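A.B. asks: With the sequence up front, the predicted model follows.
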Amino acid sequence: PVYRYARDIIGCLNSHVDGWVDWNMVLDRQGGPNWAKNWCVAPVIADPEQDEVYFTPLYYTLSHFSRFIRPGSVRIGLELEDESLRATAVENPDGSIAVVLFNPGAEARSLELAHNGQMATVTISAQAIQTIIIPKA
């Protein structure tokens, strides 16, 4: 599900969606309550019998995007030549640029990041989500 979340969020942002929300943020250990009985996983699992809350990898995926893409951000253009990667870029209200990369592959990937005449080589680990912040010029 982490891969689906990352792909969906990046794809939606690149298609001019203003935000992304999971309709099941908190569920119990059985994946409910759910009137349709199509039990599923959620970012947060609550176990009232044990008085415990579990933060799943989906929670950390959502929090990664939320940490770096701030309210009021505007998506900006991005050219990505490596089709095995997914990426989106936004300009945050403070003028910084956040480039979120997702590598679902089994091997690390390197790419050249260019902005305003500056270049940097970036490596993203296998099966990773990584964000590069470019400070306001």
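C.D. replies: In hand now; what should we look at?
A.B. asks: contacts for the helix or strand bottoming out on mean pLDDT in the chain?
C.D. replies: When the helices and strands of the chain are scored by mean pLDDT, DSSP states H and E, strand 26-28 comes last with a mean of 90. The contact list for strand 26-28, computed with C-beta atoms under 8 Å, 6 or more residues apart in numbering, reads 33-34, 40-48. Glycine gets a C-beta too; all of them are placed from N, C-alpha and C.
A.B. asks: May I ask which two of these are separated the most?
C.D. replies: Pairwise distances across the contacts of strand 26-28 (C-beta to C-beta) peak at 18.5 Å, for the pair 40 and 48.
A.B. asks: Which one's more surrounded, the two?
C.D. replies: residue 40 (12 against 9; other C-beta atoms under 10 Å).
A.B. asks: Thought residue 24 was touching that one, still the case?
C.D. replies: Yes. Contact criterion C-beta atoms under 8 Å: residue 40 and residue 24 qualify, at 6.2 Å.
A.B. asks: OK, contacts around residue 14?
C.D. replies: Contacts of residue 14 (C-beta under 8 Å, 6+ apart): 75, 78, 88.
A.B. asks: so which of the residues you listed would you say is closest to residue 57?
C.D. replies: residue 88 (19.7 Å).
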